[in-house]
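**Student:** fold the stuff below for me.
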Amino acid sequence: MSDTREAAWPQLPTTAWRDTCATLHLWTQVAGKIRLSRSPWLNHSWHVALYVTARGLTTSPIPDGSRDFEIEFDFIDHLLRMSTSDGTRRQLPLAGQSVASFYTLAIAALAELGIHVTIDEMPNELPDPVKFSHDNAHASYDGDAARRFFKILTSADRVFKQFRTGFLGKASPVHFFWGSFDLAVTRFSGRRAPRHPGGVPHLSDAVACEAYSHEVSSAGFWPGSGAIDYPAFYSYAYPEPSGFRTTKVKPDAAFFHETMGEFILPYDAVRSAADPEQALLDFLQSTYEAAANAATWDRDALECTPGQPGVVRPV
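**Tutor:** Numbers count the residues shown, from 1 in each chain. Take a look at the predicted model:
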């Protein structure tokens, strides 16, 4: 594998960074819940997500009266940065922090900036949750592993954004959900969906039902755990239409996972492909087509030619 490809699509063995991944997951929940506490509700919980930056993950600007503030994870210098629109800022190191200390220091740093927030300290979408302020068990931070994870996010973000340009209908931004700890992009048919059954661990059924209020084809990247204990790309449809799971999709390494109820493409199959970006685009496009065709989406009305830099979309 070339040095350039290795830099864009590095190895990320699950066992080597499992503890760091678990700690980082909880840290992002702290930042995400701060955004949640101050942001007006946006459809499908888009107001809570984080976004990939050139250095890590950010909340984007959060309202605070007449000013804004932003929280960013910097996985190059391994810092949490907090900045305001009036020019003040604080930062704290990521290494050497338990979840409890991270939470305490983050809330204190915001208070020093004149920002006083109260959040629900109980983690979401995780088994056996422990309040942030009580969690001293999760305290691992491997900077090299975090940087590798970040590089994968930047590469996936770039490909997801290219994929998003081929759709005229309603589509989500490419965003990172701290509850499920995945980077995702979602397309909508425009039709209402049957009410979601809920039942997501430690997540309000009302939130799940609102998130899936409309028919979707959704894809993303996930570092893995449980039934998929390795980093992977995924794609699913809600509601799942008849014939979706039996559709042949690309590339050959992709398969439908019966337990998860979605198509899976192992990350290592992408990073080892002759053209990783094209392999991922093939997965995104073929699984979308599997959903759209099986559910009879109005593809002629919803799709367009993928975008090119500097070229106006013809109409």
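**Student:** please count neighbours and contacts with C-alpha atoms only from this point.
**Tutor:** OK.
**Student:** can you list the low-confidence ranges for the protein?
**Tutor:** Low-confidence segments of the chain (pLDDT under 70): 1.
**Student:** now the strands for it?
**Tutor:** 51-52, 56-58, 62-64, 67-74, 79-84, 89-93, 175-177, 182-192, 214-222, 232-238, 255-257, 262-266 (DSSP state E).
**Student:** by contact count, what packs against the shortest one?
**Tutor:** Other elements packing on strand 51-52 under the criterion 3 or more Cα pairs under 8 Å, 6 or more residues apart in numbering; DSSP states H and E are strand 56-58, helix 143-164, strand 175-177.
**Student:** so which residues of this structure form helices?
**Tutor:** Secondary structure of the chain by DSSP state H: the helices cover 3-8, 14-38, 99-112, 143-164, 205-211, 267-271, 276-294, 299-302.
**Student:** export those helices to TSV and tack on distance to Ser225 and mean neighbour count?
**Tutor:** Shown next, in TSV, are those (distance: least, Cα to Cα, whole Å; neighbours: other Cα atoms under 10 Å):
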stretch	distance to Ser225	mean neighbour count
helix 3-8	23	13
helix 14-38	9	20
helix 99-112	20	18
helix 143-164	15	20
helix 205-211	21	15
helix 267-271	13	21
helix 276-294	21	21
helix 299-302	34	12
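**Student:** coming back round to it: can you lay out the strands of the chain as a markdown table showing mean neighbour count and distance to Ala273?
**Tutor:** Formatted as a markdown table, the strands of the chain follow (neighbours: other Cα atoms under 10 Å; distance: least, Cα to Cα, whole Å):
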| stretch | mean neighbour count | distance to Ala273 |
| --- | --- | --- |
| strand 51-52 | 20 | 24 |
| strand 56-58 | 24 | 25 |
| strand 62-64 | 17 | 39 |
| strand 67-74 | 20 | 29 |
| strand 79-84 | 19 | 33 |
| strand 89-93 | 16 | 36 |
| strand 175-177 | 23 | 25 |
| strand 182-192 | 20 | 21 |
| strand 214-222 | 23 | 17 |
| strand 232-238 | 24 | 14 |
| strand 255-257 | 18 | 16 |
| strand 262-266 | 22 | 11 |
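**Student:** among those, which comes closest to Arg38?
**Tutor:** Minimum separation from Arg38 across the strands of the chain (Cα to Cα) falls at strand 62-64, 6.4 Å.
**Student:** now that closest one, how far from the chain's geometric center?
**Tutor:** Centroid separation for strand 62-64 versus its chain: 22 Å, with Cα atoms, centre = their mean, to the nearest Å.
**Student:** what lines up beside it in the sheet?
**Tutor:** strand 67-74 (antiparallel) (DSSP bridges).
**Student:** report the angle between the partner strand and strand 79-84.
**Tutor:** Using axes from the mean of the first three to the mean of the last three Cα atoms, to 10 degrees, the direction of strand 67-74 lies 170 degrees away from that of strand 79-84.
**Student:** report the angle between strand 67-74 and helix 99-112.
**Tutor:** Strand 67-74 and helix 99-112 are oriented at 150 degrees to each other (the same axes, to 10 degrees).
**Student:** show me the contacts for Pro266.
**Tutor:** By Cα atoms under 8 Å, 6 or more residues apart in numbering, the contact set of Pro266 is Tyr230, Pro231, Ala232, Phe233, Ala253, Ala254.
**Student:** quick revisit: for Asp19, which of the helices and strands packed on strand 51-52 is the nearest?
**Tutor:** When those are ranked by proximity to Asp19, the top entry is helix 143-164, at 10.4 Å, counting by Cα to Cα.
**Student:** what's the closest of the helices of the chain to Pro129?
**Tutor:** helix 14-38 (9.9 Å).
**Student:** for that closest one, which helices and strands make contact with it?
**Tutor:** Checking 3+ Cα pairs under 8 Å, 6+ apart, helix 14-38 ends up next to strand 62-64, helix 99-112, helix 143-164.
**Student:** dump these into a markdown table; add distance to Leu302 as well.
**Tutor:** Compiled in a markdown table, the helices and strands packed on helix 14-38 are given as follows (distance: least, Cα to Cα, whole Å):
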| stretch | distance to Leu302 |
| --- | --- |
| strand 62-64 | 32 |
| helix 99-112 | 43 |
| helix 143-164 | 12 |
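**Student:** save the helices and strands packed on strand 51-52 as CSV, and put in distance to Ala8 too.
**Tutor:** Conversion of these to CSV gives the following (distance: least, Cα to Cα, whole Å):
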stretch, distance to Ala8
strand 56-58, 14
helix 143-164, 6
strand 175-177, 19
